[in-house]
Structures are given as structure tokens and as C-alpha cells.
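K.L.:
what's the 3D shape of this:
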Amino acid sequence: MDAREGRESFLRTVTQVTAERAAARPVINSLRTSGADVWDSEIPPSWRNAGFVQELTAAASAVLESDPRDSLALAQLALAIATSIPARRYTPTVQAQLEGTAWKEIGTAHRYLSEYDAALRAYDAAHRSFAAAHALAHDNAIVDFARAIVLTDLGRHDEALELLRSVEPVFRGFEDQQRLVKVAMLTGIAQYGRGQFKDAKTTFEKALEDVSLDDLHTRAMLYENLGVACMELSENNDAVLMLHNASRSCVTPDR
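P.N.:
Just a heads-up that it's a prediction; the model follows:
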């Protein structure tokens, strides 16, 4: 396949999946409002497409913080549908991304539910899915970053830092500035967990220089973590200032 054919094939896939997502949206909304148990019957053929899976994983991500149990159910349904799609309907890369993304959402829902072993197993499965395509470095890095969060929560800071060192150049190569800031923040949290309070303070300060001005949530978290690090270093005046800044960052200015 030459470059022109490859581009035309890509555009056809994008058009197809866009139409599938538009068709899936009202069906998924109806399922969620009706409370129907989709596991009681066979998955309809009309659901077995990339657009339906992408809408489910998007819905799972959207409700993650408010209802992680619902997010888990949506992600598990997405995986069930992804693995039931007829062979060769999509390219191996598209199929791998569908399954890998569903596994990633399953893992993250388990993480929010503090089911850490299940989260790590799901992230392993996401890696195996993405590996089938050999071209999803960014997706793999996102999964490794999620794994690093779990390892930090479990107090396995050395392992978390090793993962964070490996994903940082990937996100930099993709110019993913938002995730680079989050990598820096999690690095500081892991350093703090190891008792490296001065290193953590320096890391948080650098991340504050790079965070977007409109990312108020991340900015507030960085100020809060910086304030806690300052307290450990007995820099009490700075600690009060940083915690005050954290509180102010949570307030959205009037428009």
C-alpha cells in the first residue's frame, strides 16, 4: 500500500468510526437510563463496532470520579464488545487500541475503587493489547503512568520512579505537556514518600513553572504538595503561603 492509499484508508476508517459513534450514542444513553442488564442477552451485531466501543470507554472515563463502579461496568462492556468484533473488520492497530483502551479504563476504575491488584492486572492486559500493534508507544506510556500511580499508592516508590523515568521521554517526544506536568508531580510525590523532601520540593517547584495557567486543579495539587514538603523541611512560612495558593487556585475567577 502506497502513501496515498494509506491516507485514503485512514480517512475511510475515521469516517466510518465517526458514524458508528454517532449511532452508538443514543443507544448507550438509553441503556444507562433504563438500567437494563445487557449481560442477560447476546451482544447485538449492531453494537460490535469500533464506534460503540469508543463511546463506552468515553462514558467510562466521564463518570470515573463520580461513580467508579459504573465506570468499571461500562469499561467491562466495552471490552466484551471489542473482543467480539468480527476479525479483520478493522486494522490490527485499531483493534489493539480498542481492546487496550478498554483494559486501561478497567484498570483505572479498579484503582479508584482501591482494588490495586485488579488494577495492575488490567494494566498488564492493556500492555499486551497494545503490543499487538507495535505502534502505540504513547498509549503504552499512558498505561505505565497509570501503573506508576498505583505503585505510589502502594508505597512502592522505587518502582514508580523507574516507570516515570521511562515514560517522561515518550510524553516529551509527543509534546504531551499536560502529562509531562503530571509525571513531574507524581515524581515529587514518590520522592516525598521516600523521605526525599528537598528533592520533592524542587520537583514540585519545577512542575509549577510548566503547568498551564488554566489547569487550576493540577496547579492547586502542586501548591498543596509543595506546602506539605515545606512543612517537612520546617519552612513554615513558605508552607503557609503554598497552602494559601492551593486554596486560591481552586477558585475559578469570575468571567
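K.L.:
so how far is residue 118 from residue 98?
P.N.:
21 Å (Cβ to Cβ, to the nearest Å). (Glycine included, C-beta is placed from N, CA and C.)
K.L.:
er, residue 76 I mean
P.N.:
From residue 76 to residue 118 the distance is 11 Å (Cβ to Cβ).
K.L.:
How about residue 133?
P.N.:
For residue 133, the distance to residue 118 - Cβ to Cβ - is 24 Å.
K.L.:
neighbour count winner among residue 98 and residue 118?
P.N.:
residue 98 (26 against 16; other Cβ atoms under 10 Å).
K.L.:
Excluding residues flanking it in the chain, which one is nearest the more buried one?
P.N.:
Excluding the flanking residues, the one nearest residue 98 by Cβ to Cβ, 6 or more residues apart in numbering is residue 82, at 4.3 Å.
K.L.:
pretty sure that neighbour contacts residue 97?
P.N.:
No - using Cβ atoms under 8 Å as the test, residue 82 is too far from residue 97 to be in contact (9.4 Å).
K.L.:
more crowded one of the two?
P.N.:
Taking neighbours as other Cβ under 10 Å, residue 82 and residue 97 compare with residue 82 leading, 26 against 23.
K.L.:
residues in contact with the more buried one?
P.N.:
Applying Cβ atoms under 8 Å, 6 or more residues apart in numbering, we find residue 82 in contact with 53, 95, 98, 99, 102.
K.L.:
is it true that the third one touches residue 52?
P.N.:
Spelled out, that is residue 98. No - the pair residue 98 and residue 52 does not pass the contact test of Cβ under 8 Å, sitting 9.8 Å apart.
K.L.:
quick one: buried residues of whichever helix in the chain runs longest?
P.N.:
Longest helix of the chain, by residue count under DSSP state H: helix 3-34. For helix 3-34, burial by neighbour count (16 or more other Cβ atoms under 10 Å) applies to 17, 20, 21, 24, 28, 31.
K.L.:
From those residues, which one has the minimum pLDDT?
P.N.:
Among the buried residues of helix 3-34, residue 31 has the lowest pLDDT, at 86.
K.L.:
quick one: it from residue 39, how far?
P.N.:
For residue 31, the distance to residue 39 - Cβ to Cβ - is 11 Å.
K.L.:
now the helices: where do they sit in the stretch 1-150 of the chain?
P.N.:
Using DSSP state H, counting those that start in this stretch, the helices of the stretch 1-150 of the chain run over residues 3-34, 50-62, 68-82, 92-112, 116-131, 137-153.
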